[in-house]
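Undergrad: Fold the following and give me the result.
(one chain, ligands or ions: 2)
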Amino acid sequence: MKIIQDFTKDELGEIIKPSFRAKQIYQWIFKKYVDSFDNMKNIPKDLKEELNKNFTMNPLKIVKVEESCDGSKKYLFITGDGVTVESVLLPMKKERVDEDGKILKEAKFTVCISSQVGCKIGCTFCLTAKGGFTRNLTPGEIVAQVLEIKKDNGIPENKRLNIVYMGMGEPLDNLDNVVKSVRIFNDIDGLAIGTRRQTISTSGVSSQIQKLGKLNLGVLLAISLHAVDDKLREELMPINKAYNIDSVITAVKNFPIDQRKKVLFEYLVMKDLNDDVKSAKKLVSLLHGIKAKVNLIYFNPYPNSPYQRPDEKTMFKFKEYLNNHGVICTIRASKGLDISAACGQLKEKGL
Ligand code: SAH
Ligand code: SF4
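TA: Ligands and ions are numbered 1, 2, ... in the order given. Modelled structure (predicted):
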């Protein structure tokens, strides 16, 4: 059985004749949210039978949903072969209605998705790393996370949302499938999520950043930097032995990015480790010449985690230093990612 969402519309058009059927099937799946081929009304009976025989359109099932007080929702999905992955729906702006119930401002959403089951990179602060690596997700399994979340929340098909590849796994370790998922998301007959609404977060696999850049997809890049000197970064992120900070910065400088957009640098702040002003100073000099935005993240402790959450005052001081030295910096506002979503945490809790 093949997963139908693993195929781009063009690929489907090669397999299914006449090829305009691919467009219709895409629309049934991604816009009309049908859950079986039998419900695709304008598809002829013999084609439906063929589809039923060869394809599944439900690669993921929801096994658990956890809602946190700020409205973010964490999903645990199970795949066809019985492994689990996490995604998070983050409401970025709440819907505003007037007294008559008229919508003044529409709600905005971001979906945080996984690209692998587990991760090979092995960062010491990350819970996903603890479970080791199981396998790559297929393009269809990546795309289905967003589709299922839209369905489950009754989010209309034409509602624009943003995607961040910040769930479990290292997206650039699964580059081919991730690139394909970017293209499938982007399809106008599919979820129609423009590439400028998609952010790929990486631990800094420089060679793969270069490869991604050459494809010129228009996606945004986020770098999990977390440390400003190689010694500490190596301790936290073993990938730094193969690709040090300099190589990551060079790869970023060569990455094609829309003039209106910036490269996001994520900086996970751990108490007494990387939270001092000296680090902030070094960060400013590292980012010199890059259109960057820094996102400070509170380390989110879990049972037996080796690091601690920094206090608010230190966090604020770090942020102010950057802001005062010409670097745009925010403290990650979305509590969803803070409180428990730091991905891997729902999976670790078990079913
Ligand atoms: N592998 C990619 C994308 C997924 S990780 C990457 O590392 O960029 C998504 C983000 O969650 C990373 O920035 C990571 O540093 C962060 N994260 C991991 N463990 C965390 C924790 N315990 N608390 C807060 N953020 C964490
Ligand atoms: Fe993998 Fe990212 Fe976790 Fe590091 S932080 S182990 S790269 S998922």
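Undergrad: Going along the chain, name the helices of the stretch 101-250 of the chain.
TA: Secondary structure of the stretch 101-250 of the chain (DSSP state H, counting those that start in this stretch): helices at 127-130, 139-152, 175-186, 206-215, 230-236, 239-242, 245-253.
Undergrad: What residue, apart from its backbone neighbours, is nearest residue 47 spatially?
TA: Once flanking residues are discounted, residue 47 sits nearest to residue 21: 6.5 Å by C-beta to C-beta, 6 or more residues apart in numbering. In this view, the C-beta of every residue, glycine as well, is placed from N, C-alpha and C.
Undergrad: I figured the one you found hits residue 40, correct?
TA: No - using C-beta atoms under 8 Å, residue 21 is not in contact with residue 40; the gap is 9.4 Å.
Undergrad: Can you tell me which of the helices of the stretch 101-250 of the chain is packed in deepest?
TA: Greatest average neighbour count among those goes to helix 139-152 (a mean of 23), per mean count of other C-beta atoms under 10 Å.
Undergrad: Kindly report the residues of the stretch 151-300 of the chain close to ligand 2.
TA: 168-170, 203, 224 (C-beta under 6 Å from any ligand atom).
Undergrad: now, the most widely separated pair of the residues you listed?
TA: Greatest spatial distance in those: 168 and 224, 13.4 Å, computed using C-beta to C-beta.
Undergrad: Need the three-state assignment for residue 293.
TA: Here residue 293 takes the strand state, with states given by DSSP: H, G, I helix; E, B strand; the rest coil.
Undergrad: State the distance from it to residue 220.
TA: As judged by C-beta to C-beta, to the nearest Å, residue 293 and residue 220 stand 10 Å apart.
Undergrad: Quick check: neighbours shared by the two?
TA: Jointly contacting residue 293 and residue 220 under the rule C-beta atoms under 8 Å, 6 or more residues apart in numbering are 263-264.
Undergrad: quick one: stretch 88-104 to chain centroid distance?
TA: For stretch 88-104, the gap between its own C-alpha mean and the chain's C-alpha mean amounts to 23 Å (C-alpha atoms, centre = their mean, to the nearest Å).
Undergrad: Could you do stretch 193-201 as well?
TA: 9 Å.
Undergrad: and that stretch, average pLDDT?
TA: In this model, stretch 193-201 carries a mean pLDDT of 97.
Undergrad: Would you indicate which residues of it are buried?
TA: Residues 193, 195-201 are the ones in stretch 193-201 that count as buried (16 or more other C-beta atoms under 10 Å).
Undergrad: possible to save those residues as JSON lines with distance to ligand 1?
TA: Formatted as JSON lines, these follow (distance: C-beta to the nearest ligand atom, whole Å):
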{"residue": "193", "distance to ligand 1": "18"}
{"residue": "195", "distance to ligand 1": "18"}
{"residue": "196", "distance to ligand 1": "19"}
{"residue": "197", "distance to ligand 1": "17"}
{"residue": "198", "distance to ligand 1": "13"}
{"residue": "199", "distance to ligand 1": "10"}
{"residue": "200", "distance to ligand 1": "8"}
{"residue": "201", "distance to ligand 1": "4"}
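Undergrad: ok, so of the residues you listed, who is nearest ligand 2?
TA: residue 201 (7.5 Å; C-beta to the nearest ligand atom).
Undergrad: Now do the same contact list for that closest one.
TA: Residues in contact with residue 201 (C-beta under 8 Å, 6+ apart) are 164-166, 171, 222-224, 264, 266.
Undergrad: Most neighbours among these, which one?
TA: Counting neighbours by other C-beta atoms under 10 Å, residue 171 leads those with 30 neighbours.
Undergrad: Retrieve the pLDDT associated with it.
TA: We have a pLDDT of 98 for residue 171.
Undergrad: And the protein, what are its domain boundaries?
TA: Following automatic domain parsing, the chain resolves into domains at 2-56, 60-339.
Undergrad: how close does the residue sitting nearest the centre point of the chain sit to residue 247?
TA: Centroid-nearest residue in the chain: residue 165, 1.7 Å away (criterion: C-alpha atoms, centre = their mean). Residue 165 is 21 Å from residue 247, where distance means C-beta to C-beta.
Undergrad: before we move on, what about residue 202?
TA: 13 Å.
Undergrad: go on, residue 133?
TA: Taken as C-beta to C-beta, the span from residue 133 to residue 247 is 23 Å.
Undergrad: low-confidence ranges in the chain?
TA: Scanning the chain for pLDDT under 70 picks out 94-95, 104, 333-351.
Undergrad: Next, count neighbours for residue 332.
TA: Counted with other C-beta under 10 Å, residues neighbouring residue 332 total 17.
Undergrad: rewinding a little: between residue 293 and residue 220, tell me which one has more neighbours.
TA: Each of residue 293 and residue 220 had its neighbours counted (other C-beta under 10 Å), and the higher figure belongs to residue 220 (22 against 18).
Undergrad: what's near enough to touch the residue lying closest to the more buried one once chain neighbours are set aside?
TA: In this structure, residue 220 finds its nearest non-sequential neighbour in residue 199, 4.3 Å apart by C-beta to C-beta, 6+ apart. Residues in contact with residue 199 (C-beta under 8 Å, 6+ apart) are 162-166, 219-222, 264.
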